[in-house]
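**Student:** Build me a model:
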Amino acid sequence: MLGQFVNGRREDIVIASKVIALVKELAEKYNVKPVNIALRYLINKGVVPIVGIKRPSHVEDLVLTFEFGLSPTEMDKIHVTLDKVKFAKLTVVPYMIKRLVTP
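**Tutor:** The predicted model follows:
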């Protein structure tokens, strides 16, 4: 159950699940991993993500982030959905990240 991962409000958890679904949908569209969509979104927003690389495959995965772009509509869709999560984001975001990097 989602509640065991997050101490946020139930509606925030539902919205977080929608963000995860949207990111997974975009990942399928671009044939990349959900984490690539999350990184592309952050980079497009001007954030410089710090990523850990422990294996050569991580470098290959990271390179994929720079081989596609999100349309302004897709960026907006992610932003609008994320914006609905109140700043209980601090409790929701770790859950979202775990869901994005775990198949």
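
**Student:** Next, count neighbours for the nearest residue to residue 61 once chain neighbours are set aside.
**Tutor:** Distance criterion Cβ to Cβ, 6 or more residues apart in numbering; nearest residue to residue 61, sequence neighbours excluded, is residue 33 at 6.3 Å. The C-beta positions use only the backbone N, C-alpha and C, and glycine is treated the same way. By other Cβ atoms under 10 Å, the residues close to residue 33 number 18.

**Student:** thought residue 33 was touching residue 27?
**Tutor:** Yes. With contacts defined as Cβ atoms under 8 Å, residue 33 counts as touching residue 27 at a distance of 5.9 Å.

**Student:** that older thread, relative to residue 63, how far out is the residue nearest to residue 61?
**Tutor:** 12 Å (Cβ to Cβ, to the nearest Å).

**Student:** and what of residue 50?
**Tutor:** 16 Å.

**Student:** So for those two, which residue has more residues nearby?
**Tutor:** Each of residue 50 and residue 63 has its neighbours counted (other Cβ under 10 Å); residue 63 has more, 10 against 5.

**Student:** so that one is in which element?
**Tutor:** Assigned by DSSP states H and E, residue 63 belongs to helix 56-64.

**Student:** just checking, what packs against the next helix or strand after that helix?
**Tutor:** Next helix or strand after helix 56-64 toward the C-terminus (DSSP H and E): helix 72-83. Judged by 3 or more Cβ pairs under 8 Å, 6 or more residues apart in numbering; DSSP states H and E, helix 72-83 is in contact with helix 10-30, helix 34-44.
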